[in-house]
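S.K.: Compute the structure for the input listed below.
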Amino acid sequence: MADSIILLEERKEVTTFLLDEGTITATTVTTPTGETPGYEYSGIKVKVDDAVTLSANSDIGKPTVKKYTDEENEIILGVAVNDPVTMTGGKRKTAILVLGHLFRLKLASGLSNIKVNDRIALSSTGAIKSDDGEYIAMHPVASSDDYKYIEVFRPYDIT
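M.R.: Model prediction:
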């Protein structure tokens, strides 16, 4: 029998992401039973079991997701698995079951203006922007000569 590698178990990745729910519109929430401290947002709030996609507001070291809306070119990153937590200042975060794999790739030199959701491919010189890439950029990179790595998402099925 030839040497072979058999995948016995694949680890499911649950990772915390910041939420992009728009700007804070109020710091007091009015409910039927009265007013309580809290936050209202201009966008769509993420709840448990919502599908999420990468937000254009992601940054290096601060991956951010928003509720999936089935708009053209949106790719589902994962599913919210718990109630979001409000942090100091009103930003929220939650755990996401990632429906794919997360990687950190070394960029080829001389690249510029990589945006969130750009397709990334591997080359002999490092990761590059490519319409045929199987990876999705999770944050912008202005210049690969200044920031040499990129965090990417590879969905289970990229069609």
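
S.K.: Give me the contact list for the element among helices and strands of the chain having the smallest mean pLDDT.
M.R.: The helix or strand of the chain with the poorest confidence is strand 34-41; it has a mean of 76 (mean pLDDT, DSSP states H and E). Strand 34-41 is contacted by residues 21-29, 86, 90, 92 when judged by CB atoms under 8 Å, 6 or more residues apart in numbering. (C-beta placed from N, C-alpha, C; glycine too.)

S.K.: between the residues you listed, which is nearest V52?
M.R.: Checking these against V52 with CB to CB, the nearest one is E21 at 10.9 Å.

S.K.: What count of nearby residues applies to the residue lying closest to the closest one once chain neighbours are set aside?
M.R.: Leaving aside its sequence neighbours, E21 sits nearest to Y41 (CB to CB, 6 or more residues apart in numbering; 4.1 Å). By other CB atoms under 10 Å, 17 other residues sit near Y41.

S.K.: do L77 as well
M.R.: Neighbour count for L77, taken as other CB under 10 Å: 26.

S.K.: How about the contacts made by it?
M.R.: Going by CB under 8 Å, 6+ apart, L77 touches 52-54, 65, 96, 98-100, 153, 155.

S.K.: again with I24
M.R.: For I24, the contact set (CB under 8 Å, 6+ apart) comprises 39-42, 90.

S.K.: Generate a PyMOL selection restricted to the buried subset of the residues you listed.
M.R.: In PyMOL, the members of the contacts of I24 classed as buried (16 or more other CB atoms under 10 Å) are selected with the following command:
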select buried, resi 39+40+41
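
S.K.: Between the contacts of I24, which sits nearest T16?
M.R.: Of all the contacts of I24, T16 sits closest to G90, with 16.8 Å by CB to CB.

S.K.: Tell me if I'm right that the closest one and T28 touch.
M.R.: No - between G90 and T28 there is no contact under CB atoms under 8 Å: 11.8 Å.

S.K.: what pairs with the residue nearest to E21 across the strands?
M.R.: For Y41, the beta-bridge partners under DSSP bridges are I24.

S.K.: separation between it and R154?
M.R.: Going from Y41 to R154 by CB to CB, to the nearest Å gives 30 Å.

S.K.: rewinding a little: any chance of the contacts of L77 in CSV, plus distance to D146?
M.R.: Rendered in CSV, the data for the contacts of L77 read as follows (distance: CB to CB, whole Å):
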residue, distance to D146
V52, 29
T53, 27
L54, 22
V65, 25
I96, 28
V98, 27
L99, 31
G100, 27
F153, 22
P155, 28
